[in-house]
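Visitor: below are the sequence and a predicted model for it; my questions follow.
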Amino acid sequence: MKYSVWAIWLGAPAAMLLGSGWVATAGGVVFWLTLLAHVVEFVVKRPVMEAAGGSMGHHFVQTMIYGLFHWKPLEDAQASDPA
């Protein structure tokens, strides 16, 4: 499921570059909305990633690519942690 996001990241620019008319427009809208959504996710869920430890650069890149498929498992693990 996590890798299905690659269809968006590869399909949207392909539509923008190879398509015409509404296909190119839709590709651009999907690309920029996805990018914006992932930036907002990183900002909002940054405390979850900080609590998980590791490199924030890694968390940033993973969130930019996978979005909630990166941070949601981290959040779930922290919620179920009895500590």
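Guide: Perfect, I can see it now.
Visitor: please report the distance of the spatially most central residue of the chain from residue 13.
Guide: Central residue of the chain (C-alpha atoms, centre = their mean): residue 67, 2.5 Å from the mean position. With distances taken as C-beta to C-beta, to the nearest Å, residue 67 is found 17 Å from residue 13. Backbone N, C-alpha and C define where each C-beta goes, glycine included.
Visitor: about what we covered before: tell me who's in contact with the residue nearest to the centre of the chain.
Guide: 5, 34, 37, 38, 41 (C-beta atoms under 8 Å, 6 or more residues apart in numbering).
Visitor: the fourth one and residue 62 touch, don't they?
Guide: No. In this structure residue 38 lies outside contact range of residue 62 using C-beta atoms under 8 Å: 9.9 Å.
Visitor: and stretch 56-71, what's buried?
Guide: Judged by neighbour count using 16 or more other C-beta atoms under 10 Å, the buried positions of stretch 56-71 are 59, 60, 62, 63, 64, 66, 67, 70, 71.
Visitor: I meant to write stretch 33-53 there.
Guide: Neighbour-count burial for stretch 33-53, with 16+ other C-beta under 10 Å as criterion, is recorded at 34, 38, 41, 42, 45, 48, 49.
Visitor: with stretch 71-83 instead?
Guide: Residues of stretch 71-83 classed as buried: 71, 74, 75 (neighbour count, 16+ other C-beta under 10 Å).
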